[in-house]
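Peer 1: no sequence for this one, just the structure:
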């Protein structure tokens, strides 16, 4: 293989693919990125056996061929090369090494043959639809924070993507929960998504998708089977296994009869929560909300350090209620809202509370209280 | 001392799995399982399936109901008026036959009509009919004559297997050492096992932690204290 490619293009492509490679690997080839040059294109591929990312870029191929080299190392090398440089990649004879040349720099990297490189056989993907990058980003960004990080609860370690009939219209919904809070975002289902299976996209794939979607692709094609998902961006293809589990019937934890309505100025509320929570301990970050007529009192008590209180004016005229929440969760959720105000729908101190921009907003958050 | 604040967790619903492949056969329930499997070659059109709470009666009844295309009804729901309709399907599973608030006249009528129409009946109960407190002597004698099969207290292997199944049903990854630890320390009852796994699931979700041996020890200790107080 002998390939010459522009440094910036190669760096961008390596930037996309190298991230899925785990830093530590017991199988050496999983540390490598696959490079294959043919028909005027250089194709890069990396995998951790759960996710696979490939990217194709134009290159000058003087001798077609393929090899694999350590992903982080080649990424770091190319990153440190001067801007605007041409990079040549060349397998030198039978030495099992790949040479990287650019200007006066020369590197020899230990290579492993392509034949050992695993393929995440995608199989048939019967469902296919297209989303604008903005919509996909919204679905993910508004829900990602609620994904569970507790590994043994694997069925919550991702975003549940599914279609659902809402008042006669089919919606595409993304839902994530860690058992303490739940995020639900929906948009009108794009053509082709109707009838897709409900799938759980794993956290690591979600994080990669966010980075890829930020890199300027206009639209994203999503293909699905019951076991895998494939997203195609401009020149980049991400394939991921899905979580083999059943997402719980989340609709049953979204309350419908919460009649105590509280409207707050979002930014004032978040700042007040942030201020009083300074006093809270790392482990129990509980803040108590005492609601009375037009008034909200936030209180944090920490036996080790003291207490804090702040009062803000709010729109509230239901029966007085005291309810505790994890301050971190309140800040996470208010950070997701888009409007100037936040609408809380409460029932009692032991039941889930709904948080939204306004009644009927496309993003809905549910938060379980803390007993304080 | 003031209790530290405690994060509450969603009550995330769970559908129990009552499929044939989910039933765990062991010496304590193999006779009952064999009877269910033998249908329709039963010695009679009626079978009384008895066993302690959580021993797998409903699971066996559900396996049978699927095979026999039977409806399932709780004994207290049976009223005189529905009897002909209930029998019309040709097979009926009656759960909690020894539960409270049942209409004895309706049940008696149902047994008679089922016999007349050659409809199959499977009744689940915790105790033998003599201990149901029946006030209708004819009903009692009918039930005494009905063939029965009982499920015993679970053996070690079954208790462990059921614990594993309960965790798997809840999609929880739990180390085998945790299962061994629990199996050695809980009452030999599948109902207790179910209860404990439910509490552990909830506790782990609330704490945002995995189900560990330490957590099991803590919950078992707390349960022990509660029992002592009772």
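Peer 2: Noted; the coordinates are in hand. Just so we're clear, the structure is a prediction, and the values are computed from it rather than from any experiment.

Peer 1: Give me every residue in chain A that's in contact range of chain B.
Peer 2: A:148-155, A:177-180, A:182, A:245-246, A:248-250, A:252-253, A:283-284, A:286, A:303, A:324, A:326, A:350, A:352, A:366, A:368-372 (CB under 8 Å from any CB of the partner chain). In short, each C-beta sits where N, CA and C put it, glycine included.

Peer 1: where does chain B dip in pLDDT?
Peer 2: Residues of chain B meeting the criterion pLDDT under 70: B:1-2, B:15-17, B:223-230.

Peer 1: Quick one: the helices in it, in order.
Peer 2: Under the criterion DSSP state H, chain B contains helices at B:30-38, B:57-68, B:83-88, B:104-117, B:137-145, B:156-169, B:176-185, B:190-207, B:213-229.

Peer 1: phi, psi of residue B:188?
Peer 2: phi -70, psi 70 (degrees, to the nearest 10).

Peer 1: for the closest residue to it other than its chain neighbours, what are its contacts?
Peer 2: Distances taken as CB to CB, 6 or more residues apart in numbering or on different chains place residue B:153 nearest to residue B:188, at 5.2 Å, with adjacent residues excluded. By CB atoms under 8 Å, 6 or more residues apart in numbering or on different chains, the residues touching residue B:153 are B:28, B:52, B:55, B:188-189.

Peer 1: which residues touch the residue in chain B that chain A sits nearest to?
Peer 2: Per CB to the nearest CB, residue B:5 is where chain B lies closest to chain A, at 3.5 Å. Listed by CB under 8 Å, 6+ apart, the contact partners of residue B:5 are A:284, A:286, A:324, A:370-372.

Peer 1: Quick check: closest non-adjacent residue to it.
Peer 2: Excluding the flanking residues, the one nearest residue B:5 by CB to CB, 6+ apart is residue A:286, at 3.5 Å.

Peer 1: Next, count neighbours for residue A:207.
Peer 2: If you count neighbours by other CB atoms under 10 Å in any protein chain shown, residue A:207 ends up with 16.

Peer 1: so how far is the helix or strand hosting residue A:101 from its chain's centroid?
Peer 2: Using DSSP states H and E, residue A:101 sits within strand A:97-102. The chain centroid and the centroid of strand A:97-102 are separated by 35 Å under CA atoms, centre = their mean, to the nearest Å.

Peer 1: Following element in sequence after it, please.
Peer 2: That would be, after strand A:97-102 and using DSSP H and E, strand A:105-110.

Peer 1: Who's the closest spatial neighbour of residue A:371, skipping the chain neighbours?
Peer 2: Closest to residue A:371 by CB to CB, 6+ apart is residue B:6, at 4.6 Å.

Peer 1: How about residue A:264?
Peer 2: Nearest one to residue A:264, counting by CB to CB, 6+ apart, is residue A:314 at 4.9 Å.

Peer 1: got it, and residue A:55?
Peer 2: That would be residue A:13: by CB to CB, 6+ apart, it lies 4.3 Å from residue A:55.

Peer 1: next one: residue B:62
Peer 2: Of all residues beyond its chain neighbours, the one nearest residue B:62 is residue B:18 (3.9 Å), with distances taken as CB to CB, 6+ apart.

Peer 1: Go ahead and confirm the one you found touches residue B:60.
Peer 2: No. Taking CB atoms under 8 Å as the definition, residue B:18 is not a contact partner of residue B:60, at 9.1 Å.

Peer 1: Between the two, point out the one with more neighbours.
Peer 2: More crowded of residue B:18 and residue B:60, by other CB under 10 Å: residue B:60, with 26 against 16.

Peer 1: so who does the closest residue to the more buried one other than its chain neighbours touch?
Peer 2: Excluding the flanking residues, the one nearest residue B:60 by CB to CB, 6+ apart is residue B:36, at 5.1 Å. Residues near residue B:36 by CB under 8 Å, 6+ apart: B:49, B:60, B:63-64, B:67, B:122.

Peer 1: For residue A:181, see how far away the residue of the stretch 1-150 of chain A at minimum distance from chain B is.
Peer 2: Relative to chain B, the nearest point of the stretch 1-150 of chain A is residue A:150 (5.5 Å; CB to the nearest CB). The gap separating residue A:150 from residue A:181 is 14 Å, by CB to CB, to the nearest Å.

Peer 1: One more: residue A:88?
Peer 2: For residue A:88 relative to residue A:181 (CB to CB), the value is 51 Å.

Peer 1: Please apply the same query to residue B:173.
Peer 2: From residue B:173 across to residue A:181, the span is 22 Å (CB to CB).

Peer 1: Now the terminal residues of stretch B:49-69, how far apart.
Peer 2: Using CA to CA, to the nearest Å, the end-to-end distance of stretch B:49-69 comes out at 18 Å.

Peer 1: Return the set of buried residues in it.
Peer 2: By neighbour count on 16 or more other CB atoms under 10 Å in any protein chain shown, the buried set for stretch B:49-69 is B:49-52, B:54-65, B:68.

Peer 1: coming back round to it: and the contacts of residue B:36, which is closest to residue A:75?
Peer 2: residue B:63 (56.3 Å; CB to CB).

Peer 1: how many other residues sit next to the closest residue to the closest one other than its chain neighbours?
Peer 2: For residue B:63, ignoring the flanking residues on the chain, the nearest one in space by CB to CB, 6+ apart is residue B:20 at 5.0 Å. Residue B:20 has 15 neighbouring residues, counting by other CB under 10 Å.

Peer 1: Correct me if wrong: residue B:20 contacts residue B:66.
Peer 2: Yes. Between residue B:20 and residue B:66 there is a contact under CB under 8 Å: 7.4 Å.

Peer 1: Run through the residues that contact the residue in chain A that chain B sits nearest to.
Peer 2: For chain A and chain B, the shortest gap (CB to the nearest CB) falls at residue A:286, measuring 3.5 Å. The contact partners of residue A:286, taken as CB under 8 Å, 6+ apart, are A:280, A:300, A:324-327, A:370, A:372, B:5.

Peer 1: Mind checking which of these are in strands?
Peer 2: Using DSSP state E to define strands, the subset of these located there is A:300, A:324-326, A:370.

Peer 1: Tell me what residue A:175 is bridged to.
Peer 2: For residue A:175, the beta-bridge partners are residue A:160, residue A:184 (DSSP bridges).
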